[in-house]
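>>> One predicted model, sequence on top.
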Amino acid sequence: MTNIMPVDGITADPEARDAADLVIRNGRIHTGDPARPAASALAVRGGRITAVGDDRDTAPFVGPGTRVVDALNRRVVPGLNDSHLHVIRGGLNYLLELRWDGVPSLRAALWMLHEQAERTPPGEWVRVVGGWTGEQFAERRLPTVSELNAAAPDTPVFVLHLYQSALLNRAALRAVGFTRDSVAPPGGQIVRDHAGEPTGVLLAAPAAGLLYATLAKGPTLAPEDQLGSTRHFLHELNRFGLTSAIDAGGGFQNFPENYATVMRLAEQGLLTLRIAYHLFPQTPGQELDDLRRWTTTSHPGDGDQWLRLNGAGETLVWSPSDYENFTEPRPLRPQRADGELEAAVRLLLDNGWGFRLHATYEETIRADLDVFDKVAADGGFPRGVPWFFDHAETVSEASLDRIARMGGALSVQNRMMFQGSAFLDRYGAARAAEAPPIRRALDRGLLVAAGTDATRVSSYNPWLSLEWLVRGRTIGGRPLASPDNRLDRATALRLYTAAGAALTGEGDIKGLLKEGHYGDLAVLSEDFFSVPAGDISHIESLLTVVGGRIVYAAGEFEGLAAPPPDVHPDWSPVAHFGGYHRTPPPSTPSGVRQAQAVVEAAAQSEEHRQWRLARGCAADGSRTSDISDPCFIS
């Protein structure tokens, strides 16, 4: 027996039949199973849970080769499942991106950007793509193009802000070829100065196509580096206790070429996150051809427990799509949309394919439901296939009733945590209080699962989303959700575990800690059920287990998981700054927070001092180390 932690009272039985691969003991286990909601120990064998209870229940499964881990009385929960995460696309680009997720000040963010620009080789870009908003910064604002130019005068910089805008420095404008003669596509705007020259600001008006098409002009990783990038991204998701995700497809994610990386990792047994993926037609006017080809060669459920096809979407055809840029009015629906959506839905139903549909606004959902009614009148809808709406910020109670009658479900995300202030300013407090109306949906018996919609808008940190479900506030602390639309913690966690499993047809084997289910779990840094609500977003996993395999370990459990591969390229932002930025939770005593801030500032100061010395700049403080320092911007 491998005793990783103290295991008083546990003795290996050399005659043990069906010995477990892993036993977790001395934990405060929230199983999610109503029949046995709490336990202190569990055993996993062959990837599945074989016993749940206490030491007496798991002792018969401890053999000479069993790894026994003492959870040190920490909270243990089922592995988290993000029901709407662009994990495949995010993995391909993770090592190229500078993450501002969780960074507390714009000053620190600009310092990071400058440092990264210094180490980025010629021909490469510095990219900040999603996971942040100006509200999170102490300055409560976005960076300016001038600040980007000062921080990185020669290296192209692209900064994406939500679905709303992108900022490019002068070097990036040159790299993408934007001039006074450049023409923006419909739904986008290139902001110009008095002379007609691009300023570096791109706007979604309301569509984000211009922003994403500009981002797509940047360099990409080589295929082998995409493998490493995806492995590091999955490791970062494991850091927060994620063990599963439903990939929502997304723009600029072509099948099969952009899925090749996760397929290779699956073949090599290197996935540390279970992925159920959707197929998303990329070319307007070609959607039915793509769907027809896919439905004749594949079927939802194809794959295995690590990588499996879950259906079509989140877009089936482009014409009905709405755009969740709350700084702009809701876009009008083209007349052709209903006919194109109907053709796609009929094709999918005829082939037994489930689907998901991006729909932000009630007007979109109502029109989609009218199409479904028309299909139902001709022969039934949905003919037993699973389907659900994504987002649904302004869905009405009448539409919720229709969704319930048609056997649909919802996948909601914490986009309001990042975009809620813009929504509030446009639509008012009453509508923001019910955006989306999660409690009303649950009261109707609808299946509702939760996620993030990371990585181009919200952060991939699931605890931000869980905090939003409980508190209903923006990332800057602005109250939005009414008390009636907030969830208790057990319900919020269920939306992130069992509900996500149900959306992929895996509710009988995933999402709960019970016998026969996958051995997917997380041992948490803090107790989700007792920490102050404002601290929830600061929770991380100290031990993440997928199928009985320890895939992430930190703190007291450090060293129990195999490390991820070396970061390549070595100039990657992740090699120097990591991913999500860890900060003290709000309830941390002020003296401790101050001490931690001093430590962080000292580390930044020393790194900056070394940078100045390497460039022959004064290191004795004779110059100020901010954007106005000539040594800083040279």
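It's in. Residues are numbered from 1 along each chain as shown.
>>> Residue 289 is in what secondary structure piece?
Here residue 289 sits within helix 287-297, counting by DSSP states H and E.
>>> So which bits of that helix are buried?
Within helix 287-297, the residues that qualify as buried are 287, 290-291, 294-295, counting by 16 or more other CB atoms under 10 Å. Backbone N, C-alpha and C define where each C-beta goes, glycine included.
>>> Format those as TSV; extra columns: pLDDT and distance to residue 417.
Shown next, in TSV, are the buried residues of helix 287-297 (pLDDT from 0 to 100; distance: CB to CB, whole Å):
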residue	pLDDT	distance to residue 417
287	97	31
290	97	33
291	97	33
294	97	34
295	97	36
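>>> between the residues you listed, which is closest to residue 542?
residue 294 (40.4 Å; CB to CB).
>>> Leaving out sequence neighbours, find the closest residue to that closest one.
Spatially, and ignoring its direct neighbours in sequence, residue 294 is nearest to residue 279 (5.4 Å; CB to CB, 6 or more residues apart in numbering).
>>> next one: residue 543
Per CB to CB, 6+ apart, closest to residue 543 is residue 523, 4.0 Å.
>>> Alpha carbons of the following helix or strand past the helix holding residue 289, as CSV, please.
Using DSSP H and E, the helix or strand that follows helix 287-297 towards the C-terminus is strand 307-312. Output in CSV follows, covering the C-alpha atoms of strand 307-312 (Å, rounded to 0.1, in the frame of the first residue of the first chain):
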residue,chain,number,x,y,z
LEU,A,307,-13.7,12.4,-25.8
ARG,A,308,-17.1,12.0,-27.3
LEU,A,309,-19.4,13.7,-29.8
ASN,A,310,-22.4,15.4,-28.2
GLY,A,311,-24.3,16.9,-31.2
ALA,A,312,-24.4,20.1,-33.3
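>>> buried sites along the next helix or strand along the chain from strand 307-312?
Proceeding N to C from strand 307-312, the next assigned helix or strand is helix 337-350, under DSSP H and E. By 16+ other CB under 10 Å, the buried positions in helix 337-350 come out as 337-338, 340-349.
>>> Which two among those residues are spaced furthest apart?
Longest span within the buried residues of helix 337-350, CB to CB: 337 and 349, 18.3 Å.
>>> Quick check: neighbours of the strand or helix carrying residue 522 in the sheet, parallel or antiparallel?
Element membership of residue 522, judged by DSSP H and E, is strand 521-524. Strand pairing for strand 521-524, determined by DSSP bridges: strand 75-78 (antiparallel), strand 541-546 (antiparallel).
>>> before we move on, back to that, show me what contacts the residue nearest to residue 294?
By CB atoms under 8 Å, 6 or more residues apart in numbering, the contact list for residue 279 reads 249, 255, 290, 294, 309, 311-313.
>>> Kindly report the same for residue 561.
The contact partners of residue 561, by CB under 8 Å, 6+ apart, come to 544, 550-553.
>>> Chain neighbours aside, what residue packs nearest to it?
residue 553 (4.1 Å).
>>> Would you map the helices across the stretch 151-300 of the chain?
Ranges of helices within the stretch 151-300 of the chain are 170-176, 209-215, 223-238, 260-267, 287-297, based on DSSP state H, counting those that start in this stretch.
>>> Who are the packing partners of the first one?
The elements that helix 170-176 packs onto, with contact taken as 3 or more CB pairs under 8 Å, 6 or more residues apart in numbering; DSSP states H and E, are strand 157-161, strand 198-204.
>>> could you redo the last one with a cut-off of 10 Å?
Helices and strands touching helix 170-176, by 3 or more CB pairs under 10 Å, 6 or more residues apart in numbering; DSSP states H and E, are strand 126-129, helix 145-151, strand 157-161, strand 165-168, strand 198-204, helix 209-215.
>>> could you dump those to TSV with mean pLDDT, mean neighbour count and distance to residue 476?
What follows is the helices and strands packed on helix 170-176, written out as TSV (pLDDT from 0 to 100; neighbours: other CB atoms under 10 Å; distance: least, CB to CB, whole Å):
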stretch	mean pLDDT	mean neighbour count	distance to residue 476
strand 126-129	98	26	18
helix 145-151	98	20	20
strand 157-161	98	25	14
strand 165-168	98	23	18
strand 198-204	97	21	21
helix 209-215	95	20	22
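>>> Quick one: closest of those to residue 518.
That would be strand 126-129 among the helices and strands packed on helix 170-176, by CB to CB, at 31.5 Å.
>>> how far out from the middle of the chain is that closest one?
Centroid separation for strand 126-129 versus its chain: 16 Å, with CA atoms, centre = their mean, to the nearest Å.
>>> Only C-alpha atoms, please: export that strand in CSV.
C-alpha atoms of strand 126-129 as CSV (Å, rounded to 0.1, in the frame of the first residue of the first chain):
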residue,chain,number,x,y,z
VAL,A,126,1.3,39.7,-27.3
ARG,A,127,-2.3,38.7,-27.0
VAL,A,128,-4.7,39.4,-24.2
VAL,A,129,-7.9,37.5,-25.1
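>>> From the contact counts, what lies against it?
Using 3+ CB pairs under 10 Å, 6+ apart: strand 126-129 touches helix 87-93, helix 106-119, helix 145-151, strand 157-161, strand 165-168, helix 170-176, helix 209-215, helix 573-577.
>>> The same query, at a cut-off of 6 Å, please.
If you count contacts as 3 or more CB pairs under 6 Å, 6 or more residues apart in numbering; DSSP states H and E, strand 126-129 packs onto strand 157-161.
>>> Strand partners (parallel or antiparallel) of the strand it packs on?
Strand 157-161 sits in its sheet next to strand 126-129 (parallel), strand 165-168 (antiparallel), going by DSSP bridges.
>>> contacting residues around the first one?
Going back to what we said before, that points to strand 126-129. With contact meaning CB atoms under 6 Å, 6 or more residues apart in numbering, strand 126-129 is reached by 96-98, 100, 116-117, 120, 155, 157-160, 456.
>>> Same check on the last one?
The list of residues contacting strand 165-168 from outside it, by CB under 6 Å, 6+ apart, reads 145, 148, 158-160, 200, 202-203, 211.
>>> Which one of these is nearest to residue 110?
residue 148 (8.1 Å).
>>> Verify the contact between that closest one and residue 171 for me.
No: the pair residue 148 / residue 171 is not scored as a contact, 9.3 Å apart, by CB atoms under 6 Å.
>>> List the buried residues in stretch 392-403.
Within stretch 392-403, the residues scored as buried using 16+ other CB under 10 Å are 392-396, 399-400, 402-403.
>>> Then stretch 61-79?
Those would be 61-63, 66-72, 74-79, for stretch 61-79 by 16+ other CB under 10 Å.
>>> first vs last residue of it, how far apart are they?
Chord length of stretch 61-79, first to last residue, is 22 Å (CA to CA, to the nearest Å).
>>> can you give me how far that stretch is from the chain middle?
On CA atoms, centre = their mean, the centre of stretch 61-79 falls 27 Å from the chain's centre.
>>> hmm, back to that, report the two of the buried residues of stretch 61-79 separated the most.
63 and 75 (27.4 Å).
>>> follow-up on the earlier one: report the two of the buried residues of stretch 392-403 separated the most.
Pairwise distances across those peak at 17.1 Å for 393 and 402 (criterion: CB to CB).
>>> Name the nearest of the contacts of residue 279 relative to residue 23.
Among the contacts of residue 279, and counting by CB to CB, the member closest to residue 23 is residue 309, at 34.0 Å.
>>> what's stretch 409-424 in contact with?
Residues outside stretch 409-424 that contact it (CB under 6 Å, 6+ apart) are 83-84, 133, 162, 326-327, 388-390, 392, 432, 435-436, 438, 441, 447-453, 457-458, 465, 468, 474-475, 478, 480.
>>> From those, list the buried ones, please.
Applying 16+ other CB under 10 Å to these flags 83-84, 133, 162, 326-327, 388-390, 392, 432, 435-436, 438, 441, 447-453, 457-458, 465, 468, 474-475, 480 as buried.
>>> Which ones among these lie within helices?
Within the buried ones among the contacts of stretch 409-424, residues falling in helices by DSSP state H are 432, 438, 441, 465, 468.
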